[in-house]
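S.K.: need a 3D model of the following:
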Amino acid sequence: MIVKPVDTLSKIVRHHFILRNMLCDCCLKVIGLLAEKHGFNLVKSRLGEITVEYDTEHLTLQDITDIFKTSGFEIIEDKETHLIEDIKRVVIELVHHSTYNAMVRNSDFIVGKFNMSYPHLSTVFSHHEGITLEKYIIMQRIEKVKELIQLDELSLSEIAYMMGYSSVQYLSTQFKKITGYSVSEYKALPEKERKGAGLTT
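M.R.: Residues are numbered from 1 along each chain as shown. Purely as a prediction, here's the structure:
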């Protein structure tokens, strides 16, 4: 991407970045802290995309790129990788940041965010990520279920209903398949081990 001077006399330039692994509000806070710490201005930010201004007398584009990389944010250059990150953000919006609606198909929700067919999105996603888009959605649903279990405010029946499972048994079976633990085994884990309870398939 082209680095643009703010004006012809200024040594302040503006640059737009597309970032991998920037998928939650906490990431936006981290970016803000990085800007404050390293002395560049955050002009615009949303999940996956930021625009910064910096003084070329103090920072270079490579400096800022390295700052992001060492903080776990990879710079995205190609369109397909950008699309994958957009798909991930939409899935996270679907599962984590809205009331999950079992009456709305996952595919319909995702297609509604893009001017592309679900088979195309699914094919591109599988090619880049090594898992199907549907499997990624399932993994995110289980992560949300884990979060709700940890909060301990809802019964398993209420969680199953909230997350669009047809029965507690279906939820329990999928939970065991993905995490390697039954729900009761997961509840019995120490908090530290709960956070590390991985996705097994």
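
S.K.: L61 and H15 touch, don't they?
M.R.: Yes - the pair L61 and H15 passes the contact test of C-beta atoms under 8 Å, sitting 6.3 Å apart. To be clear about C-beta, it is placed using only N, CA and C from the backbone, and glycine gets the same treatment.

S.K.: the two: who's more crowded?
M.R.: Between L61 and H15, counting by other C-beta atoms under 10 Å, H15 is the more crowded of the two (18 against 15).

S.K.: buried ones in the strand or helix carrying the more buried one, by neighbour count?
M.R.: Assigned by DSSP states H and E, H15 belongs to strand 12-20. For strand 12-20, burial by neighbour count (16 or more other C-beta atoms under 10 Å) applies to 13-15, 17-20.

S.K.: name the nearest of these relative to Q169.
M.R.: Of all the buried residues of strand 12-20, Q169 sits closest to R20, with 37.1 Å by C-beta to C-beta.

S.K.: quick one: pLDDT of the closest one?
M.R.: Per-residue confidence (pLDDT) for R20: 80.

S.K.: show me what it is bridged to.
M.R.: E74 (DSSP bridges).

S.K.: what's the domain layout of the chain?
M.R.: Following automatic domain parsing, one gets these domains for the chain: 4-75, 79-196.

S.K.: residues in contact with the most centrally placed residue in the chain?
M.R.: The centroid of the chain falls nearest to L23 when counting by C-alpha atoms, centre = their mean (3.0 Å). Taking C-beta atoms under 8 Å, 6 or more residues apart in numbering, we find L23 in contact with 47-48, 85, 88-89, 92.

S.K.: please repeat the previous calculation with a cut-off of 6 Å.
M.R.: 88, 92 (C-beta atoms under 6 Å, 6 or more residues apart in numbering).

S.K.: helix or strand: which one has it?
M.R.: L23 belongs to no helix or strand, assigned by DSSP H and E.

S.K.: show the pLDDT at it.
M.R.: 77.

S.K.: roughly how far apart are it and Q140?
M.R.: For L23, the distance to Q140 (C-beta to C-beta, to the nearest Å) stands at 10 Å.

S.K.: sketch out the low-pLDDT regions of this structure for me.
M.R.: For the chain, residues meeting the criterion pLDDT under 70 lie at 1-10, 98-104, 192-201.

S.K.: switch to 80 and redo it
M.R.: Across the chain, the ranges flagged by pLDDT under 80 are 1-10, 23-24, 77-78, 97-105, 191-201.

S.K.: and the helices in it?
M.R.: 25-38, 61-70, 79-96, 106-111, 118-129, 133-151, 156-162, 168-179, 183-188, 191-196 (DSSP state H).

S.K.: okay, those in TSV with distance to Y54 next?
M.R.: Formatted as TSV, the helices of the chain follow (distance: least, C-beta to C-beta, whole Å):
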stretch	distance to Y54
helix 25-38	9
helix 61-70	6
helix 79-96	23
helix 106-111	36
helix 118-129	31
helix 133-151	35
helix 156-162	44
helix 168-179	42
helix 183-188	45
helix 191-196	36
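
S.K.: circling back: now the strand holding H15, how far from the centre of its chain.
M.R.: Here strand 12-20 is found 19 Å from its chain centre; the criterion is C-alpha atoms, centre = their mean, to the nearest Å.
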